[in-house]
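> One predicted model, sequence on top.
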Amino acid sequence: MAIPRFWREIPSRYNLYGSKCGHCGTLDFPPRTVCPECGRRSVGKMERVKLGGKGTVVSYSVIHDAPAQYEMMKPYVLAIIEMAEGCRLTSQVIDVDPAAVKIGMPVEAAFRKLGSEGEAGVIHYGYKFRPAG
Amino acid sequence: MTVGIVSYGGYVPRYRITPEVIGAVWGNDGAAMGKGLNIRAKSVPGPDEDVITMSVEAARAAMARVPWVSPKDVGAIYVGSESHPYAVKPSATIVAEAIESSPVMTAADYEFACKAGTAAMQTCMGLTLSNMYKFGMAIGSDTSQGAPGDALEYSASAGAAAFLIGTERPMATINHTVSYTTDTPDFWRREGQRYPSHGGRFTGEPAYFKHVLACAELLSKKAGIKPADYDYAVFHQPNGKFPLRVGKQLGFTDKQIDTGLLVREIGNTYSGAIMVGLCAIFDIAKPGDRIFAVGYGSGAGSDAFDLTVTDEIKNLKKGPRSMDSMVKDGVPLDYATYAKYRGKIVMRGA
């Protein structure tokens, strides 16, 4: 991933900043600059909203054939998570036996390494989710 | 004006490996090794954990306990570690961004073997006592390295602790601090080397014991109170044996040392060592409790602190996990998985 692209995404990757349409109230994560429902009526009305980090597993998949950067973690769980605020996102679920993951399981955001640009490259950090304590 | 610890947060990774499992791979009596070191298991970071992720977890726990503190009032963040993921690029800026303290603040990384975190505490004391900043965040965090088969492999573990330091509403006042520093080459890691080297038995008497004892005696003199007057004591814990021995020499009982002696269950967390021990003490401490803490970093030096818990400890917000729950929530690993997670297996193309 290009450095500027990831750098631009730091607020949402580190602190779960999404956006809320000031016209219809729709919450989006990652944040949008224009609401897909309201179009130009939302221009200038998009607010930055921080998600609280709590959510539940809507659906998940156990990955056995992983991309090179995730070889060390397989098998691992990738899940669609519905945040308490209502929007959904996709994330890895960590610190859990894949067999213990269930639909509806409460999870909370954690801060983890997402990957790196090889041994000498920049390291990317951001949210993953773990079972809520 | 008094300065102290306004809030605290600790973090211990979930995975564990026992001395028996390590010993079985290298043809050593792991059980005897563990008994000798007084270590039952050590914590192992997950494959996506490093000093930065653990520092963020600890810093967030510290901030969560004091919702009345704005992250923008944390004017300085120092991360002490000997395993920063980058040789050049601060860990502290990532922590600052993750707790939303940046950009109007200062940040830097510290290194002083196992006492970089306590050095950061002292820096933050000075910065806040002088009114340069309202609060400072001192973090000790390590994913320490032990070469495969080396004695260090039985103890080198991972953990982090973050202390918010300031003069406003401290939950534990720092009554006194003193340091003792000399040039003693007992343990080191040269630039570019993957694993540290050490002077074997030289790490004991002329290094750990000399510095910890001298620093503790200086602190006792400054504080003017007897070991028996303290409720808790915590000493740097490279193993479970040294801190008990040094405590006994100073006149502390095993009971005073017990709560902060996490090394027995999670190994030596290096820069996090006395700080995670203090976190475990804060989890159960009551107002008025007096704590004696002496850290040690190879190379070598000791930082000592005399603390008194205040009524503010009752106002900390509940929520972050206790050290006890994290220490007990361990998942055992076999050696192969441990080696994979710690990057000890050379992969194709690496």
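The structure has been received and is ready for your questions. On a predicted model such as this, the values are computed, not experimentally measured, just so you know. Residues are numbered from 1 along each chain as shown, chains lettered A, B, ... in the order given.

> Give me the secondary structure label for A:Pro31.
Following DSSP: H, G, I helix; E, B strand; the rest coil, A:Pro31 is assigned to coil.

> ok, now which ones touch the residue minimising distance to the centre of chain B?
Nearest to the mean C-alpha position of chain B, counting by Cα atoms, centre = their mean, stands B:Gly272 at 1.6 Å. Contacts for B:Gly272 (Cβ atoms under 8 Å, 6 or more residues apart in numbering or on different chains) come out as B:Gly10, B:Gly117, B:Gly140, B:Ser141, B:Asp142, B:Gly159, B:Ala160, B:Ala161. (Glycine included, C-beta is placed from N, CA and C.)

> Apart from its chain neighbours, what residue comes closest to it?
The shortest distance from B:Gly272 to any non-neighbouring residue, by Cβ to Cβ, 6 or more residues apart in numbering or on different chains, is to B:Gly159 (4.2 Å).

> Figure out how far the host helix or strand of that neighbour is from the centre of its chain.
Applying DSSP states H and E as the criterion places B:Gly159 in strand B:158-166. Here strand B:158-166 is found 8 Å from its chain centre; the criterion is Cα atoms, centre = their mean, to the nearest Å.

> Looking at that strand now, give me its mean pLDDT.
The average of the pLDDT scores along strand B:158-166 is 98.

> in the next helix or strand after that strand, what counts as buried?
Downstream of strand B:158-166, the next assigned helix or strand under DSSP H and E is strand B:172-184. By neighbour count on 16 or more other Cβ atoms under 10 Å in any protein chain shown, the buried set for strand B:172-184 is B:Ala172, B:Thr173, B:Ile174, B:Asn175, B:His176, B:Thr177, B:Val178, B:Ser179, B:Tyr180, B:Thr181, B:Thr184.

> which other residues reach strand B:172-184?
Strand B:172-184 is contacted from outside by B:2-5, B:121-122, B:125, B:206-207, B:210-211, B:214-215, B:218-219, B:222-223, B:282, B:285, B:291, B:298-310, B:313, using Cβ under 8 Å, 6+ apart.

> Which among those count as buried?
Among those, those buried by neighbour count (16+ other Cβ under 10 Å) are B:3-5, B:121-122, B:125, B:207, B:210-211, B:214-215, B:218-219, B:223, B:282, B:285, B:291, B:298-310, B:313.

> Show me which residues of chain A sit near chain B.
Within chain A, the residues that sit near chain B (Cβ under 8 Å from any Cβ of the partner chain) are A:10, A:14-15, A:71-73, A:94-95, A:110-114, A:119, A:122-123, A:125, A:128, A:133.

> Got a ChimeraX select line for the buried ones in these?
A single ChimeraX command selects the buried members of these (16+ other Cβ under 10 Å):
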select /A:10,14,15,72,73,94,95,110,111,112,113,114,123,125,128
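
> Filter the residues of chain A next to chain B down to the ones in strands?
A:Ala110, A:Phe111, A:Arg112, A:Lys113, A:Leu114, A:Ile123, A:Tyr125, A:Lys128 (DSSP state E).

> Pop the domain breakdown of the chain in here.
Let's take chain A. By the assignment in automatic domain parsing, chain A contains the domains A:15-50, A:52-133.

> um, chain B though
Using automatic domain parsing, the domain parsing of chain B gives B:4-171+B:320-341, B:173-312.

> now the last one, how far from the centre of its chain.
Meaning domain B:173-312. On the basis of Cα atoms, centre = their mean, domain B:173-312 sits 10 Å off its chain's mean C-alpha point.

> Tell me which stretches of chain A form helices.
For chain A, the helices defined by DSSP state H cover A:3-8, A:10-15.

> The residue lying farthest from the centre of chain A: what's it in contact with?
The outermost residue of chain A relative to its centre, with distances by Cα atoms, centre = their mean, is A:Arg41 at 27.1 Å. By Cβ under 8 Å, 6+ apart, the contact set of A:Arg41 is A:His23, A:Cys35.

> Can you tell me the element B:Thr123 falls in?
For B:Thr123, the host element (DSSP H and E) is helix B:116-129.

> one step back: list the ones among the buried ones among the contacts of strand B:172-184 that fall in strands.
For the buried ones among the contacts of strand B:172-184, the ones inside strands are B:4-5, B:291, B:299-309, with DSSP E as the criterion.

> Closest to B:Arg245 out of those residues?
Proximity of these to B:Arg245 (Cβ to Cβ) peaks at B:Ser302, which lies at 15.2 Å.

> By mean pLDDT, which helix or strand of the chain comes out lowest?
Picking chain A for this. The weakest-scoring helix or strand in chain A, judged by mean pLDDT, DSSP states H and E, is helix A:3-8 (a mean of 92).

> switch to chain B, that's the one I care about
Lowest on mean pLDDT, DSSP H and E among the helices and strands of chain B sits strand B:197-198, with a mean of 91.

> quick one, helices of the stretch 151-300 of chain B?
Using DSSP state H, counting those that start in this stretch, the helices of the stretch 151-300 of chain B run over B:210-223, B:242-250, B:254-258, B:263-266, B:273-284.

> Need the winner for burial among those helices.
Comparing the helices of the stretch 151-300 of chain B by mean neighbour count (mean count of other Cβ atoms under 10 Å in any protein chain shown), helix B:273-284 comes out on top with a mean of 27.

> Give me the helices and strands touching that helix, please.
With contacts taken as 3 or more Cβ pairs under 8 Å, 6 or more residues apart in numbering or on different chains; DSSP states H and E, helix B:273-284 sits against strand B:4-11, helix B:116-129, strand B:135-143, strand B:158-166, strand B:232-235, strand B:290-297, helix B:323-328.

> List the buried residues in the last one.
In this case it means helix B:323-328. For helix B:323-328, burial by neighbour count (16+ other Cβ under 10 Å) applies to B:Met323, B:Met326, B:Val327.

> I'd like to know how far the residue lying closest to the first one once chain neighbours are set aside sits from chain A.
Read that as B:Met323. Using Cβ to Cβ, 6+ apart and skipping the chain neighbours, the partner closest in space to B:Met323 is B:Ala280 (4.0 Å). Here the criterion is Cβ to the nearest Cβ, to the nearest Å. By it, B:Ala280 lies 17 Å from chain A.

> related to what we said a few turns ago, go through the helices of chain A and pick out the most buried.
Taking mean count of other Cβ under 10 Å, helix A:10-15 is the most buried of the helices of chain A, at a mean of 18.

> Specify the beta-bridge partners of residue 109.
Just going to use chain A. Assessed by DSSP bridges, A:Ala109 has beta-bridge partners A:Phe129.

> not what I meant, chain B
Residues in beta-bridge contact with B:Asp109 (DSSP bridges): B:Val79.

> contacting residues around it?
By Cβ under 8 Å, 6+ apart, the contact set of B:Asp109 is B:Tyr78, B:Val79, B:Gly80, B:Ser81, B:His84, B:Pro90, B:Ser91, B:Ala92.

> Same question for B:Val69.
B:Val69 sits next to B:Val6, B:Ser7, B:Met63, B:Phe135, B:Leu164 when contact means Cβ under 8 Å, 6+ apart.

> neighbours of the residue nearest to the third one when sequence neighbours are not counted, just the number please.
Pointing back at B:Met63 there. Spatial nearest neighbour of B:Met63, chain neighbours left out: B:Ile99 (5.5 Å); criterion: Cβ to Cβ, 6+ apart. Neighbour count for B:Ile99, taken as other Cβ atoms under 10 Å in any protein chain shown: 23.
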